[in-house]
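Visitor: Sequence first, then the predicted structure:
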Amino acid sequence: MTITALTGISQLVTNDPGIETPAAGHHAPLGVITDAAVVFDDTRVLWRGPERELPEGFADAVVDVGGRSVMPGFVDSHAHLAFAGDRADEFAARMAGQSYSAGGIRSTVANTRAASDEQLAANVRRLRDEALAQGTTTLESKSGYGLSVLDERRSLEVIGRFTAESTFLGAHVVPPEFADRPDDYVSLVAGEMLDACAPHAKWIDVFCDRGAFDVDAARTILTAGIAAGLAPRIHAGQLEQGGGIQLAVELGAASADHVTYASDADIEALASSSTVATLLPGAEFSTRARYPDARRFLDAGVTVALAADCNPGSSYTTSIPFCIAVAVREMFMTPGEAVWAATAGGAAALRRTEVGSLRVGAVPDLVVLDAPSYLHLAYRPGVPLVQSVWRGGAVVSSRAS
């Protein structure tokens, strides 16, 4: 087992709240160390601190990053990668003034059902690799474009080839064949479909919003999923204010995602719970919708995550750096808050303690930025700043300097 030291780090983001960050403008929980080094093997971080304190002979290999900054790999806790086709025409129509609704999902369902397993796998692999090259080292993905027992199960089987963070989202929308009998579809999702999909999933999710599922249906499906051994999460408050956020807290969901339309009572409930509010700025960007005000959540003490929501209809991006820049510009987050939300916040949304930080003992997933500070992720939007990505202590993506 090789022990590697990265040296020459201008700024190391550890997400260790035990490390004070005295420099003005930095988000305290980031635990920033300047002029730093970090040492790791293929399973865990062994040491991090000022380079001048690096024990001599500690590492087998030393890599000088040349004054670049280093941070934990991004943890993207919300994605929809198992699909076929795209909806570029729908995007163009929205940019011409048409409004977004959940109904567009049905067009992707037809393409996904027609695709082979290997076609679906090729698309998941392509998007996974794209995300990895931009610094995402932990990635969740949902089903939800099959909406039949067979197609939901095979979507999850495909997702399972690429990530352990697989989510059963049979309750994405009601498929066309059940349009006149939505209650029957709820029964199918909570019964036969769940039975087929639960062995291939870790999580269960419901799109609880206008045009999808109401609170009663969501409660039925999520409760059944919990009984089957899946952990709950929920899409809530993307299109209008409703009861989805309160339901997430009631059921102890790991996260309530979107939450664009949240009441003061919703935010108070989140703040007093372990449920993470996952914000998805790519969706608002791509649908010209209202951005959530992250300050309301942060100032109330809610744990906030940022995720890309990669999907073919409302957020066709895998770029967490892009989402960080948008969150800072449009959602009133500081650069440090956005970076924390895209790393430690995403880990909290997946209830993972070993990723999203570079504390001693953490998994050695990290990103080297071609910049002296994490601040540049928002300061230089659209610029490919990720110079290399390390996952499990090894380089998995790198570009020429």
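Guide: Thanks, I have it.

Visitor: where do the strands sit along the stretch 101-250 of the chain?
Guide: 136-142, 165-171, 203-208, 231-232, 234-236 (DSSP state E, counting those that start in this stretch).

Visitor: ok, how many other residues are close to residue 125?
Guide: For residue 125, the count of nearby residues is 15 (other CB atoms under 10 Å). Quick note: C-beta positions are derived from backbone N, CA and C, even for glycine.

Visitor: Quick one: residues contacting the residue lying closest to residue 77 once chain neighbours are set aside.
Guide: For residue 77, ignoring the flanking residues on the chain, the nearest one in space by CB to CB, 6 or more residues apart in numbering is residue 349 at 3.9 Å. For residue 349, the contact set (CB atoms under 8 Å, 6 or more residues apart in numbering) comprises 75, 77, 78, 233, 254, 255, 276, 278, 305, 307.

Visitor: From residue 148, how far off is residue 349?
Guide: According to CB to CB, to the nearest Å, residue 349 and residue 148 sit 28 Å apart.

Visitor: mind giving me the domain split of the chain?
Guide: By the assignment in automatic domain parsing, the chain contains the domains 4-73+356-398, 75-349.

Visitor: centre of the chain versus the longest one, how much separation?
Guide: Right, the one you point to is domain 75-349. Computed by CA atoms, centre = their mean, to the nearest Å, the separation of domain 75-349 from the middle of its chain amounts to 9 Å.

Visitor: Now that domain: average pLDDT?
Guide: Averaged across domain 75-349, the pLDDT comes to 96.

Visitor: Just the buried residues of stretch 46-61, please?
Guide: 46, 47, 48, 49, 51, 54, 59 (16 or more other CB atoms under 10 Å).

Visitor: Quick one: end-to-end distance for it.
Guide: By CA to CA, to the nearest Å, the extent of stretch 46-61 from end to end equals 14 Å.

Visitor: One more: stretch 96-109?
Guide: Using CA to CA, the end-to-end distance of stretch 96-109 comes out at 24 Å.

Visitor: Stretch 97-107 too?
Guide: 20 Å.

Visitor: Stretch 380-396 now?
Guide: Start to finish, the residues bounding stretch 380-396 are 24 Å apart (CA to CA).

Visitor: Quick check: buried residues in that stretch?
Guide: Here stretch 380-396 shows 385, 386, 387, 388, 389, 390, 391, 393 as buried, counting by 16+ other CB under 10 Å.

Visitor: ok, now stretch 236-243?
Guide: 236, 237, 238, 239, 241, 242, 243.

Visitor: Now do the same contact list for the second one.
Guide: I take that to be residue 237. Residue 237 makes contacts with 209, 244, 245, 256, 258, 259, 260, 261, 262, 266, as judged by CB under 8 Å, 6+ apart.

Visitor: Buried only: go through those for me.
Guide: For the contacts of residue 237, a burial check counting by 16+ other CB under 10 Å picks out 209, 244, 245, 256, 258, 259, 260, 261, 262, 266.

Visitor: Residue 30: which of these is nearest?
Guide: residue 259 (23.4 Å; CB to CB).

Visitor: I'd say that closest one and residue 236 touch.
Guide: Yes: Residue 259 lies in contact with residue 236 (CB atoms under 8 Å); the separation is 6.2 Å.

Visitor: residues shared between the contacts of these two?
Guide: Contacts common to residue 259 and residue 236, judged by CB under 8 Å, 6+ apart, are residue 245.

Visitor: okay but residue 148 is in contact with residue 176, surely?
Guide: No: here residue 148 does not reach residue 176: they are 11.2 Å apart, not a contact under CB under 8 Å.

Visitor: Which one's more surrounded, the two?
Guide: Using other CB under 10 Å, the more surrounded residue of residue 148 and residue 176 is residue 148, with 18 against 11.

Visitor: Now the more buried one: phi and psi?
Guide: The phi/psi pair for residue 148 (degrees, to the nearest 10) reads phi -140, psi 160.

Visitor: how about it, what does it touch?
Guide: Here residue 148 is in contact with 113, 175, 193 (CB under 8 Å, 6+ apart).

Visitor: repeat for residue 399
Guide: Shown in contact with residue 399 (CB under 8 Å, 6+ apart): 133, 384, 386, 387, 388.

Visitor: Among those residues, which ones are in helices?
Guide: Of the positions in those, residue 133 sit in helices, assigned by DSSP state H.

Visitor: just to revisit the earlier point, so which of the buried residues of stretch 380-396 comes closest to residue 272?
Guide: residue 391 (35.4 Å).

Visitor: List the beta-bridge partners for that closest one.
Guide: residue 394 (DSSP bridges).
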